[in-house]
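**Q** using only what follows, build the 3D model:
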Amino acid sequence: MSEIIEKVLSEIGCTFLSGYAFKSSDYSDKGIPLIKIGNIQNRVVTIDINGDSVSERLITDKTKKFLLADGDILIAMTGQGSVGRVGKLKLKDGESAFLNQRVGKFLCDEKNININYLYYILASEKFQDYLFNTGAGSGQPNLSPELILRTEIPWVEYPEQTAIASILSSLDDKIDLLHRQNQTLEKMAETLFRQWFVEEAKEEWETKSLSSIAIFLNGLACQKYPPKNDTDKLPVLKIKELSSGITENSDWASTDVKSDYIIRNGDVIFAWSASLMVKIWDGNTCILNQHLFKVTSESYPLWFYYLWSRHHLAEFISIAASHATTMGHIKRGDLEEAIVLIPSHSELESMTSIIKPLIDKQIGNSIKIRTLTTMRDTLLPKLMSGEVRVEM
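**A** Take a look at the predicted model:
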């Protein structure tokens with residue numbers, strides 16, 4: 001088994017391709033999507049269906065090398081808060097995409113460096129911090145190809161790289177499968193909800209306001225509750241964490257708050273300001289920040305107030321956009337005007353027996369995702385440092 005040593009990317013067969021500078025006049029409503037900095041999120045690169053595209057006629061001898069394939073490893077080369085961000089491209093069968101300017105692609109000769117091993121190294125917290133700090137000098141944050149290829153990474157012989165990447169990929173595959181299961185479960189639940197309350201709604205059902213069927217608890221100004229020590233503290237759940245999850249950059253607050261404000265896996269969270277969304281929290285135990293509601297009810301099951309909140313979300317987003325403020329939001333009065341249909345007790349019980357298992361399965365999957373993610377992120381630095389070695 002080879003010794004783990006540090007080697008510079010440019011010295012181990014790694015090269016780099018910077019994206020193509022398409023003109024705004026090249027953009028079209030249909031065609032080949034452009035992969036830009038914003039497409040790189042949470043170690044994954046995906047196509048934005050509402051993003052910019054260019055016509056297929058722009059595939060020429062000059063541009064075809066910028067066509068991307070599923071599994072390509074990309075990096076944001078500039079941007080405040082995004083420079084150095086690394087992700088793996090995910091394309092469905094038949095999809096294609098172009099590499100746009102300010103995004104780069106790693107190329108490996110697959111003799112000295114395994115592309116997936118490189119991905120896990122560069123997407124790790126240690127190297128994400130390194131790349132961000134390298135690019136975040138004075139002025140506009142920027143990483144040149146030369147700076148990127150000067151990066152030193154832990155290097156072992158190619159077979160061990162492949163084995164390490166295989167272990168981490170197997171965990172990612174399980175995580176991805178659970179995410180896709182949850183997307184399917186979510187669609188199934190929303191389909192049933194629409195069937196019951198939109199397509200087959202009964203005239204005799206009682207109507208109530210959304211605010212009357214659940215408690216919408218607004219979060220705290222958590223900066224008023226700073227941690228008193230390194231033990232009795234929890235991360236703060238803000239709007240951005242609803243998408244990114246709790247990270248090393250999240251704020252922390254004292255646990256010396258009312259237990260109602262503690263958020264746990266499976267709680268329903270409603271962001272009523274800025275990026276409005278409703279979701280079942282699937283992350284770490286944390287403290288609810290202002291601009292977020294924790295939604296609970298003593299009279300109705302979770303699925304009922306969760307899916308009714310989601311049902312009205314498009315309406316709430318429209319209301320928030322109409323407010324003449326820098327940050328759109330809704331008010332409690334908007335919750336009072338949102339109408340909910342109330343079936344009979346027996347009908348509600350029958351619906352619950354069908355839809356609750358779908359929601360419970362989602363929550364269970366989310367717990368598994370968090371466990372596997374923690375396992376992967378704990379294992380990676382141990383493999384990188386040599387504390388854990390792969391038997392060959």
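**Q** can you tell me how far the residue sitting furthest away from the middle of the chain is from Pro301?
**A** Residue farthest from the centre of the chain, counting by Cα atoms, centre = their mean, is Glu204 at 41.5 Å. Distance of Glu204 to Pro301, given as Cβ to Cβ, to the nearest Å: 21 Å. Heads up, the C-betas are built off the backbone N, CA and C, glycines and all.
**Q** again, but for Ile121
**A** 45 Å.
**Q** just Ser211 next, same as before
**A** Distance from Ser211 to Pro301, by Cβ to Cβ: 17 Å.
**Q** ok, now Lys65?
**A** With Cβ to Cβ as the criterion, Lys65 and Pro301 are 55 Å apart.
**Q** more crowded one of those two?
**A** Applying other Cβ atoms under 10 Å to Lys65 and Pro301 shows that Pro301 carries more neighbours, namely 15 against 10.
**Q** and the residue lying closest to the more buried one once chain neighbours are set aside, what does it touch?
**A** Counting by Cβ to Cβ, 6 or more residues apart in numbering, Pro301 lies nearest to Thr352, which is 5.2 Å off, once chain neighbours are set aside. Neighbouring residues of Thr352 by Cβ atoms under 8 Å, 6 or more residues apart in numbering: 301, 303-304.
**Q** ditto for Asp282
**A** Counting by Cβ under 8 Å, 6+ apart, Asp282 makes contact with 265, 363, 366-367, 369-370.
**Q** how about 6 Å then?
**A** The contact partners of Asp282, taken as Cβ atoms under 6 Å, 6 or more residues apart in numbering, are Ser366.
**Q** next, it: phi, psi?
**A** When quoted as degrees, to the nearest 10, the phi and psi of Asp282 stand at phi -130, psi 30.
**Q** end to end on stretch 128-147, go ahead and measure it.
**A** 14 Å (Cα to Cα, to the nearest Å).
**Q** and that stretch, how far out from the chain middle?
**A** Relative to its parent chain, stretch 128-147 has a centroid offset of 23 Å by Cα atoms, centre = their mean, to the nearest Å.
**Q** try stretch 362-381
**A** Distance, centroid of stretch 362-381 to centroid of chain: 14 Å (Cα atoms, centre = their mean).
**Q** before we move on, the earlier item: in a strand, the residue nearest to Pro301, correct?
**A** No. Going by DSSP: H, G, I helix; E, B strand; the rest coil, the assignment for Thr352 is helix, not a strand.
**Q** mind checking how far it is from Lys331?
**A** For Thr352, the distance to Lys331 - Cβ to Cβ - is 31 Å.
**Q** what is the helix or strand hosting Gln161 packed up against?
**A** For Gln161, the host element (DSSP states H and E) is helix 158-194. Helix 158-194 sits against helix 115-122, helix 345-385, with contacts defined as 3 or more Cβ pairs under 6 Å, 6 or more residues apart in numbering; DSSP states H and E.
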